[in-house]
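**Q** would you be able to build a 3D model of this:
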Amino acid sequence: MSTKTLPVTEARKKLTDLVDKASSRLDEYVITVKGKPKAVLMSSVEFDGWKETNEILSDPELVKSIKEGEAEIATGKGIPWEQAKQDLDLD
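**A** A predicted model of the protein is given here:
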């Protein structure tokens, strides 16, 4: 994955190729107008990931729960992944 910057005039000419590269190689393109960033072209998968991350980070209770879980893991609490899979019948 890489991020490239290009002017809107160039992006317009190469749009089909840029979309193909964004979707298959997860390249990202910052599109500029008069040298200033105005838009970003990325794969829909990458965009969905950004949206999901934003939703998680905007929920204070969820962030608190994640941090508590990380703290428990750091102190050795919890159960091993293999045990969790067995307990949940995920094998």
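
**Q** if we go by neighbour counts, what in stretch 2-16 is buried?
**A** By 16 or more other Cβ atoms under 10 Å, the buried positions in stretch 2-16 come out as 6, 11. Any C-beta I mention is one placed from the backbone N, CA and C, and that applies to glycine too.

**Q** how far away from the center of its chain is that stretch?
**A** Distance, stretch centre to chain centre, for stretch 2-16: 21 Å (Cα atoms, centre = their mean, to the nearest Å).

**Q** what's the first-to-last distance across that stretch?
**A** End-to-end distance for stretch 2-16: 18 Å, by Cα to Cα, to the nearest Å.

**Q** buried ones in the helix or strand containing residue 49?
**A** Assessed by DSSP states H and E, residue 49 sits inside helix 44-57. Neighbour counts over helix 44-57 (16+ other Cβ under 10 Å) mark residue 46 as buried.

**Q** try stretch 23-41
**A** 27, 28, 29, 31, 32, 41.

**Q** measure the third one to residue 9 for me?
**A** What that stands for is residue 29. 13 Å (Cβ to Cβ, to the nearest Å).

**Q** using PDB, list the CA coordinates for the helix or strand hosting residue 31.
**A** Assigned by DSSP H and E, residue 31 belongs to strand 28-33. The C-alpha coordinates for strand 28-33 follow below in PDB (Å, rounded to 0.1, in the frame of the first residue of the first chain):
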ATOM      1  CA  GLU A  28      -4.400   5.700  -1.800                       C
ATOM      2  CA  TYR A  29      -4.400   8.900  -3.800                       C
ATOM      3  CA  VAL A  30      -4.500  12.400  -2.400                       C
ATOM      4  CA  ILE A  31      -6.000  14.600  -5.100                       C
ATOM      5  CA  THR A  32      -5.100  18.300  -5.100                       C
ATOM      6  CA  VAL A  33      -6.600  21.400  -6.600                       C
END
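
**Q** now do that strand: which elements does it pack against?
**A** Under the contact definition 3 or more Cβ pairs under 8 Å, 6 or more residues apart in numbering; DSSP states H and E, strand 28-33 sits against strand 3-7, helix 8-13, helix 15-25, strand 36-41.
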